[in-house]
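Peer 1: Okay, sequence plus prediction incoming.
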Amino acid sequence: MTTNTKEVWITGIGMVSSIGEGAQTHWAALSEAENPKPVIDTDKFKPYAVHPLPEMDWALQMPRKDQRQMENWQRLGVYAAGLALDDAGIKDNEELVSSMDLVVCAGGGERDLVTDENILKEAKSRNDRDLILNERLPQDLRPTLFLAQLSNLMAGNISIVHKVTGSSRTYMGEESAGITAVRDAVARISNGQSTHLLVGGAYNAERPDLFLNLELGHYLAQDNSAPVWERQEKDGGVIPGSAGVFLVLESADHAKARGAKAYAKLGAVASDLGPRDMDNTKDRLNTMMSELALEPSSSLAVITGCTGYKGITEWEYGAIQGKLGMEVPIRAYTSMIGNPMEANFPFAIALAALALHKNGFYPTFEKAEKPVKINPTSVMVSTSGHYRGEGIALVEKISCK
Amino acid sequence: MSNSYTDHKGRPIVVVTGMGVVTSLGKGKADNWSALTAGKSGIKKVERFPIDGLNTIIAGTVDFMDSEEVSAPAISYAMADSTAGEALEEAGFGTDGFPGPLFFAAPPVELEWQHRFTLMEENPVENPGYEAILQAARAKKHENMHSLVQLGTIAYRIAEKYRTKGLPISLSTACASGATAIQQGMESIRRGESKAALCVASDGSVTAEGLIRFSLLSALSTNNEKPTAASRPFSKDRNGFVMAEGSGALVLESLEHAVGRGANIIGVLRGVGEKADFFHRTRSSPDGKPAITTIHQAIEDAGITTADIDYINAHGTSTPENDRMEYNSLKAVFGEAIHKVPISSNKSMIGHTLTAGGAVEAVFSFLTMKDGIIPPTINYDTPDPDIPLDVVPNVKREANVRNVLSNSFGFGGQNACLVFGRDVA
């Protein structure tokens, strides 16, 4: 667990999902609407559902020459990072971005699907398959595609486009990557190692190669696009969602000194790994909630990025209710956005900070969820990876001192 | 606030108490160190897959591991398992588990062609493509294939096998990853979050596609005729790096923790520097500023001066650009004195182990200090007049080495430098 010595404030939010772009748009769509409706495509990748990217004008956040060096996964990250910097009021502030630390959670980038499929077709009629690779790949792969695939090149592109160059670290490992990234960011600011930092990631869900990665282990929901808890009635499963999210984090002193507005305070982060069976998983989640000193409280709410995969989704729900009481309002934001994989945990933190800032909370995303009685002053954020790794964090209202 | 267990900034002193290494030269410290100090190269013609028609057909492959299949994730895991085990054994952590987290520099893994072909055969259709292989995946669970292509898997497996604490960290800063893993273990101990950290880096990604991708970026040496002479750091006729595989592991502990349990101390992690570069995706700023800042920071963080650095373990990839940039940056920091400091590139013998480089070279740096022997830069027969460094040409050298500067630079503007020390005091 990380513990704070210096307060960590969230002073900028950049988010993009199927719902649209920007913190305000997400708040409006998810909280102000009576019954928020997800944008979900059940057709394109049938029998799988996906929350697609909205129409994007990449040029708003990056020059065309840079766009050409990336595919959508990296563009989405660079775009969300730009929104966060704008929101924090430090975009193009050379002094601040050149000393700003960058922490990214990333998977791998796009493949050239046409080349892949051409090779498969040719391999159908040839036995010397290895030779097909040697013949086709050097000719058919764009040299720069490699750079659109490397995990740390989302960070590289953010440095190039937004000039964020204090330091740069990329974490990997699916949902765990997001947990680790936020944990590292909080630890460095609390400890005085960093004064201001940009943390986040992105996921382009609309890729058959990524559906394949998940379906190999039968993690995907099939012909079932119900919200997370309802989805459990019929086998459960993951519904991926395209999303990008970046947060500007600052030490309270740094934020105050430049007169920055702050959404909320990001408290401790706890994370763990262990056997994925019910008892062990619930024990771990319980221990993590105890580390954060979480107790039942009428002013506490929960936002979870639970993936919908059978088993872990119910165990997480059970552990939270067991610890925080049956009445605790829990929102599975993934019902609305899908699972944005590496970006899962930071996206949940963004939604928590947004609600605290707006002095409100989200209406229920489905029947099984309990409405809030009073608006929360702190929100627990929880992410349990579809396959391994769990993390929780506490996001709190900034007290007026 | 300073005592015998804290450094000049009042932070816990971080020491190394165990190390493990695998490269194309062999498995374990003993085999590697004897080959490396003998100036032996591990670079050879690739035998793992057919090389017909490829521009580069050489690499520093590790072909002697017992892996569950021949793929990047499986070979990377096998090497990481070997080096983590070797390091923990040396540090004297037995069967009780390890009292700290795992920081793992993870190679880029994804589904490989062998897997796609397997899936294609499971669902033979007229016109194979992603739709068909997705159907094959849907028809039957491929648990192992799923696990292998998740970027967090190797760290999960190592963490579970050696029972490290908490959620293991998988990270990438491209070719600086190995150094970043060590840096993060060091930071975690300095911040007081943990008493110990296991830092492992591994890269076994010499596949046909991997080799072709680097080749398309014109990054690789094409000296195919004489593989052992292909990696030529700081030579005038260097023409690219040689892709290679390997793993390095280090057990870090706070000095207090190590002394408390009576551990044998191998050396000290004195300082670290990092700075990102926005100039280009694959090239460094022409003025070298980010690299210069990184080196400065590392030496300053160590609380020493350039005069205290007795040896530099170079990034030294053997690409025309890296070696020139590295020299210019070092000269900017050290001044004329740089021409007197011995500097060598392990990559002349083991090639560029990519994700693993910083950790593998850290292990060799500690062995350099411990034995007082600097491994050479081999294949140095046509010096580059623009890089007038003492590269310890071709033959190892005995020297009293108290502090080492180790450089790592990577695609995406990544720069990380570490300063290692021999003596605690």
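Peer 2: Received it, and whenever you're ready, just let me know what you need. Residues are numbered from 1 along each chain as shown, chains lettered A, B, ... in the order given.
Peer 1: Going by proximity to chain A, name the top residue of the stretch 101-250 of chain B.
Peer 2: Nearest residue of the stretch 101-250 of chain B to chain A (CB to the nearest CB) works out as B:Gly152 at 2.7 Å. Every residue, glycine included, has its C-beta placed from N, CA and C.
Peer 1: Surely that residue touches A:Met172?
Peer 2: Yes. Contact criterion CB atoms under 8 Å: B:Gly152 and A:Met172 qualify, at 6.6 Å.
Peer 1: circling back to that earlier point, around the residue of the stretch 101-250 of chain B closest to chain A, how many other residues sit close by?
Peer 2: 29 (other CB atoms under 10 Å in any protein chain shown).
Peer 1: Pull the contacting residues for it.
Peer 2: B:Gly152 makes contacts with A:Met172, A:Gly173, A:Glu174, A:Ser176, A:Ala177, A:Gly385, A:Tyr387, A:Arg388, A:Gly389, B:Ala106, B:Pro168, B:Ser170, as judged by CB atoms under 8 Å, 6 or more residues apart in numbering or on different chains.
Peer 1: Return a ChimeraX selection command for the buried portion of the residues you listed.
Peer 2: In ChimeraX syntax, the buried subset of these is picked out as below (16 or more other CB atoms under 10 Å in any protein chain shown):
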select /A:172,173,174,176,177,385,387,388,389 /B:106,168,170
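Peer 1: Look up the pLDDT of A:Asn4 for me, please.
Peer 2: Looking at A:Asn4, its pLDDT is 51.
Peer 1: quick one, what contacts residue 38?
Peer 2: I'll assume chain A. So A:Pro38 contacts A:Ser18, A:Ile19, A:His51, A:Pro227, A:Ser335, A:Met336, A:Ile337, A:Gly338 (CB under 8 Å, 6+ apart).
Peer 1: sorry, should have said chain B
Peer 2: B:Lys396.
Peer 1: Moving C-terminal from the helix or strand where A:Val161 lies, which element do we reach first?
Peer 2: Assigned by DSSP states H and E, A:Val161 falls within helix A:153-162. Next helix or strand after helix A:153-162 toward the C-terminus (DSSP H and E): strand A:167-172.
Peer 1: and after that following strand, which helix or strand comes next?
Peer 2: Going down the chain from strand A:167-172, the next helix or strand is helix A:174-190, by DSSP H and E.
Peer 1: a helix runs through B:Gly85, doesn't it?
Peer 2: Yes. The assignment for B:Gly85 by DSSP: H, G, I helix; E, B strand; the rest coil puts it in a helix.
Peer 1: Would you mind measuring from it to B:Val22?
Peer 2: In this view, B:Gly85 and B:Val22 are 11 Å apart by CB to CB, to the nearest Å.
Peer 1: Could you check which of those two is surrounded by more residues?
Peer 2: B:Val22 (33 against 16).
Peer 1: pLDDT value on that one, please?
Peer 2: The score at B:Val22 is 98. That number is its pLDDT.
Peer 1: Specify the beta-bridge partners of it.
Peer 2: Beta bridges link B:Val22 to B:Lys27, B:Ser247 when assigned by DSSP bridges.
Peer 1: And B:Lys44, by the same measure?
Peer 2: According to DSSP bridges, beta-bridge pairing links B:Lys44 with B:Ala59.
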